[in-house]
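*Asks:* How does the following fold in three dimensions:
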Amino acid sequence: MAAIRLGKHVYCEKPLTHSAWEAREVAKAARAAKVATQMGNQGQASEETRRLQEFVIDNAIGAIREVHIWTDRPSRGLFDEYWPQGVSRPTDTPAVPDTLDWDMWLGPAPERPYHPAYLPAKWRGWWDFGTGALGDIGCHYFDPVFRALKLGAPTTVEASSTRVNKETYPLGSMVTYHFPARGELAAVKLVWYDGGLRPARPEQIQDNDVMGDNGHLLVGEKGVIAINRGKWRLYPEKLARDYGEPPKKLLRSPGHHQEWINACKGGPVAGSNFDWAGPLTETVLLGNVALRTQLREQLTKVKLQWDSAKFEFTNLPEANQFLRREYRQGWTL
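*Replies:* Predicted coordinates:
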């Protein structure tokens, strides 16, 4: 935000922000400042993202009303490191290393003693610092589906999980979003799974490689589109053989980072500029609100009803406090 206000072009890694409110504010500021922006969900520029869009444009599997996305995280993280979730705050207080400015590292997060349980990489699993498995990988995995199905803001969000506390995200969770119809496109239910959870195998798929540790399923009236060995494929096999490949109708990207460089030089806007990445991040992070332990009892009885225009949950006002956070003294947005 500081760079945007200075008129600087900005490249920022996913999930862009810590809260849904921040995602909306950063997108708004970038739009007003007319700066070139790009979020680091590199797959948006890939051939496979275009290919999925072209399958959907060509109606290869008919109307799509259901999507499943899953990841093995947090069991694997940055450089295959593990970051813990479902754990409590450490009670010992080791000395801060000479190489670390702990106050600066904390930034706007509430003050707490230093501990190596938080860094490096492991910050992802803590409510105060990271956005959990959903925030870590959701902006990567949701992106091609949002582009292909022209998804925007959801109407409802609900979640279930392993035991969750006020310190870290749960070991595993399932988050369900409902999206309204968009023109001729059908309403969609999207289910996210993490911590090694995954959906049941559709009867159209017999290939074991499809239901691996990380994946996507788009379920249509005539078949399924899924990732197999890094490439979108149609199922059942007969449909894939009869259909072949979708017509190439979309422009290809010069590369994710090159998109941003070109935009900085006055070229076309980058594919994951903040007008795209902000709303995408906002939707992803709404799922984390549904995982809050403080709302667990109420959320066993209701779905969160989301009003994007008003930026509020309309049926559970208590949930709105988790759309943003209070910053530590000395830090502002």
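
*Asks:* where are the low-confidence patches of the stretch 201-333 of the chain?
*Replies:* Along the stretch 201-333 of the chain, the model assigns pLDDT under 70 to no residue.

*Asks:* where along the stretch 101-250 of the chain do the strands fall?
*Replies:* For the stretch 101-250 of the chain, the strands defined by DSSP state E, counting those that start in this stretch occupy 156-161, 173-179, 188-193, 215-220, 224-228, 231-235.

*Asks:* mind listing what the most centrally placed residue in the chain touches?
*Replies:* Most central residue of the chain, judged by C-alpha distance to the mean C-alpha position with Cα atoms, centre = their mean, is residue 138 at 2.5 Å. By Cβ atoms under 8 Å, 6 or more residues apart in numbering, residue 138 lies in contact with 15, 69, 192, 284, 287. Backbone N, C-alpha and C define where each C-beta goes, glycine included.

*Asks:* Switch the strands of the stretch 101-250 of the chain over to JSON lines; also include mean neighbour count.
*Replies:* As requested, these are exported to JSON lines (neighbours: other Cβ atoms under 10 Å):
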{"stretch": "strand 156-161", "mean neighbour count": "20"}
{"stretch": "strand 173-179", "mean neighbour count": "22"}
{"stretch": "strand 188-193", "mean neighbour count": "20"}
{"stretch": "strand 215-220", "mean neighbour count": "22"}
{"stretch": "strand 224-228", "mean neighbour count": "22"}
{"stretch": "strand 231-235", "mean neighbour count": "20"}
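
*Asks:* Tabulate the ones you listed (a markdown table), appending distance to residue 264.
*Replies:* As requested, the strands of the stretch 101-250 of the chain are exported to a markdown table (distance: least, Cβ to Cβ, whole Å):
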| stretch | distance to residue 264 |
| --- | --- |
| strand 156-161 | 35 |
| strand 173-179 | 33 |
| strand 188-193 | 33 |
| strand 215-220 | 31 |
| strand 224-228 | 32 |
| strand 231-235 | 31 |
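
*Asks:* nearest to residue 268, of the ones you listed?
*Replies:* The closest of the strands of the stretch 101-250 of the chain to residue 268 is strand 231-235. By Cβ to Cβ, the value is 24.8 Å.

*Asks:* circling back: and which of the contacts of residue 138 is nearest residue 57?
*Replies:* Nearest member of those to residue 57, counting by Cβ to Cβ, is residue 69, at 20.3 Å.

*Asks:* Enumerate every residue touching the closest one.
*Replies:* Counted by Cβ under 8 Å, 6+ apart, residue 69 has contacts 138, 141, 142, 145, 190, 191, 192, 193, 215, 216, 217.

*Asks:* part of a strand, is it?
*Replies:* Yes. Per DSSP: H, G, I helix; E, B strand; the rest coil, residue 69 lies within a strand segment.

*Asks:* any idea how far it is from residue 224?
*Replies:* Distance, residue 69 to residue 224, using Cβ to Cβ, to the nearest Å: 13 Å.
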